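Trainee: sequence plus the predicted model coming up.
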Amino acid sequence: DQQVKQNSPSLSVQEGRISILNCDYTNSMFDYFLWYKKYPAEGPTFLISISSIKDKNEDGRFTVFLNKSAKHLSLHIVPSQPGDSAVYFCAARDGYNFNKFYFGSGTKLNVKP
Amino acid sequence: NAGVTQTPKFQVLKTGQSMTLQCAQDMNHNSMYWYRQDPGMGLRLIYYSASEGTTDKGEVPNGYNVSRLNKREFSLRLESAAPSQTSVYFCASRSGVETGNTIYFGEGSWLTVV
């Protein structure tokens, strides 16, 4: 059973608007969370991360929010740009084994011009 | 800046054939990984190596073997390929806590087993 879930396979947003990508997890021992962006025929690239001791982290247009009680994190992209169109994966690290990262199945974001 | 490089990029195998996927990183990372990506499944960890000389199983190790040849290189071997191993394979390495604890991926290897 997947420990990290992205329940929306796809999301379509107008350029300039906010994109919100969601991720849920089941393991309370996850202590570090990351978002990756993936273009077709390329490897995933790191976007932003957050430690479990924080509830928000910002980097330019990207903000990640963590709600530990709900075991939920989200990625906000404001404003969305056509170049943001890609597949976004969330990932969570096992707090007992820093080498084990669990990935969601991805959300394909399409930003329309 | 090469980062993580893996070869080959594309490969078609017949059932029962063997092959090795090669991976090298030039970032002096201790930890290296092999993941596979399947539709609707995300990235699943096959094997990892926390440091030179050590390897451990991930979520889906069956049918694979790995070798951590040195700090730079981590190879994945399919001894007897099966159609269920048709997938996209990603090699990765991880920076330490002091440099952000981030996983860096190669560009992927597309493997088809017929």
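Mentor: Nice, thanks for sending it over.
Trainee: C-alpha only now, for contacts and for neighbours.
Mentor: Will do.
Trainee: flag every residue of chain A that's near chain B.
Mentor: For chain A, the residues in contact with chain B (Cα under 8 Å from any Cα of the partner chain) are A:41-46, A:89, A:99-106.
Trainee: and chain B, which residues reach chain A?
Mentor: Residues of chain B lying near chain A (Cα under 8 Å from any Cα): B:31, B:39-45, B:48, B:50, B:58, B:90, B:102-108.
Trainee: contacting residues for B:Ala92?
Mentor: Residues near B:Ala92 by Cα atoms under 8 Å, 6 or more residues apart in numbering or on different chains: B:4, B:32-35, B:103-106.
Trainee: surely B:Ile46 and B:Arg36 touch.
Mentor: Yes: the pair B:Ile46 / B:Arg36 is scored as a contact, 6.9 Å apart, by Cα atoms under 8 Å.
Trainee: in ChimeraX, how would I select the buried members of the residues of chain A next to chain B?
Mentor: The buried subset of the residues of chain A next to chain B, as determined by 16 or more other Cα atoms under 10 Å in any protein chain shown, is captured in ChimeraX by this line:
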select /A:43,44,45,46,89,99,100,101,102,103,104,105,106
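Trainee: low-confidence ranges in chain A?
Mentor: For chain A, the stretches flagged by pLDDT under 70 are A:1.
Trainee: find the closest residue to chain B in it.
Mentor: A:Ser105 (3.6 Å; Cα to the nearest Cα).
Trainee: not counting sequence-adjacent ones, nearest residue to that residue?
Mentor: B:Gly42 (3.6 Å; Cα to Cα, 6 or more residues apart in numbering or on different chains).
Trainee: pairing partners for the residue most central in space within chain B in the sheet, please.
Mentor: In chain B, the centroid-proximal residue (Cα atoms, centre = their mean) is B:Trp34; its distance is 2.6 Å. Beta-bridge pairing for B:Trp34 (DSSP bridges): B:Tyr47, B:Cys91.
Trainee: now it: how far from chain A?
Mentor: 11 Å (Cα to the nearest Cα, to the nearest Å).
Trainee: show me where chain B has helices.
Mentor: Secondary structure of chain B, counting by DSSP state H: no helices present.
Trainee: hang on, B:Asn28 packs against B:Arg72?
Mentor: Yes: in this structure, B:Asn28 is within contact of B:Arg72 by Cα under 8 Å, at 7.0 Å.
Trainee: those two: which has the busier surroundings?
Mentor: B:Arg72 (19 against 13; other Cα atoms under 10 Å in any protein chain shown).
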